[in-house]
Each structure stands twice: as C-alpha cells, then as structure tokens.
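Asker: what's the 3D shape of this:
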Amino acid sequence: MAFDLVQYFAEQINTQKPQLLEHYSREDRKTHLLEINALVLGKLISLWRTNDKKVYQEISSPDDLFIQEIARHLTTSSKNQSSLAKEDLEQTVGEILRLQLAELKQLNDIGNLNIRGLHELILGQIEHLSGQASDWVWSTNDLIELKGSKPIEQEEISLDSTMKEFNQMVSQQHSHDEANISQEAVTYTVPGWSKVFEPIVALIILWVLYSAATQMFN
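Answerer: All right, here's what the predicted structure looks like:
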C-alpha cells in the first residue's frame, strides 16, 4: 500500500493554510477542506495518467498559469456540486493545488524518487481516496472508478511501520535504477555511504509527518 498522501496533505493544509475558509465554522471548514483536498489530488492523478512528464515538470517547477487553469477548470465544471461560493472554491482549490505540488517536490527531493518513484506514489493514492468524498468529486476530477466507493478500512500504522514503508520505497527505487544501469552495461559502483543515509532519509520524512500529525484537525 502506497504512502498515504491524502491524510498527509490534510494535515499540511491545516498546519500551513489556517487562513483558508477561516470565515466558516470549524466543522464546515474541515468538511470543505477535506473535500477539496480529495478533488485536487484526484485531478493530479488524472493528469498524471494523461501526461506524467508534464505533471512532473509542474512538481519540479510550478507554474502559476497551470495552477490557475486547473483551479478554474475544477470550479466551473458542470459536474461540480460544491456548496461553496465559486470565488471561495476557486481560490481554495488553487491554494491547495500549490501546496500539494510543493509537498510532492519536497518528498521527491528528499527521497530522490524521480518520475518512476512519483508514479508509484501518486497512482497509489487511489486506494486512499476511496470513499473519502461524494461521487460528484470523482466525476469532476475524472477519477470515475471511485464513484460509489466505500472507505477502505486500514489498520492504524505505527511510526515505526511508516519509517519502514517509506525506507522500503526509497530502497526499491534505488535498486531499480541500479538494475537499469547494469542492463545498459555501464560500470558503476554504488558508494557505501548511500546505504548508510537511506534510513536517515526516512527519519527526516518521519519527523515531518510526526510534526504535522501533532497539529491534525480537531
């Protein structure tokens, strides 16, 4: 099961964007932000399926025009049934999309995932999104296979398990890259220190997650 970006992004939105929809009640704000978080992440998944190189470029170097176009498209879609005012919705979608791209860039940089690792991470979020929003969300962001979905029950994951999960993902990515180099008959020796720093990379990510988790939605 892929690393859960759905909950991770929700925590980061709460921590980094306290001003979003602040004029709504706490419960309404939470509901709307979770809904938009799923809407935006689902759209990134759909876009990745269509043109992964384009999305990877936007993660590496976000373009304001790209963000504005996606926010406008999701807001004005005839399938959109959000109860938010259009102005609030478009602004919030743009802010959350910008945050998701920035967080994906950070994970990519720290874990050295590259396009192959991000492919596994992003497409792996479909199972985490299952049952997390109303059907109109999946129609709007073109993730129609989730229409009618129910939440997938997951066991509570300990911090130790999370560390092992991310470390395994990074290690598999590095192993795959090394195998490709070998197949191309390029002589390359993996430095011993890279193995030493793999657990450290996981610990850095774990610390980011732990810090965010302490400031989750009430």
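
Asker: low-confidence regions, this protein specifically.
Answerer: Residues of the chain meeting the criterion pLDDT under 70: 1, 151-218.

Asker: try 50 this time
Answerer: 156-159, 162-163, 185-189, 193-194, 217 (pLDDT under 50).

Asker: show me what the helix or strand containing residue 89 is packed up against.
Answerer: Using DSSP states H and E, residue 89 sits in helix 86-111. Helix 86-111 sits against helix 5-16, helix 26-50, helix 52-60, helix 64-76, helix 114-123, helix 159-183, helix 192-213, with contacts defined as 3 or more Cβ pairs under 8 Å, 6 or more residues apart in numbering; DSSP states H and E. Placement of C-beta: from N, CA and C, glycine included.

Asker: could you list every helix and strand in contact with the fifth one?
Answerer: Under the contact criterion of 3+ Cβ pairs under 8 Å, 6+ apart, the helices and strands touching helix 114-123 comprise helix 26-50, helix 52-60, helix 86-111, helix 159-183.

Asker: the second one to helix 26-50, inter-axis angle?
Answerer: Angular relation of helix 52-60 and helix 26-50 on a 0 to 180 degree scale: 130 degrees, by axes from the mean of the first three to the mean of the last three Cα atoms, to 10 degrees.

Asker: which parts of helix 52-60 are buried?
Answerer: Using 16 or more other Cβ atoms under 10 Å as the test for burial, helix 52-60 gives 52, 55-56, 58-59.

Asker: also the third one?
Answerer: Counting neighbours by 16+ other Cβ under 10 Å, one finds that the buried residues in helix 86-111 are 88-101, 103-105, 107-108, 111.

Asker: done for today, thanks.
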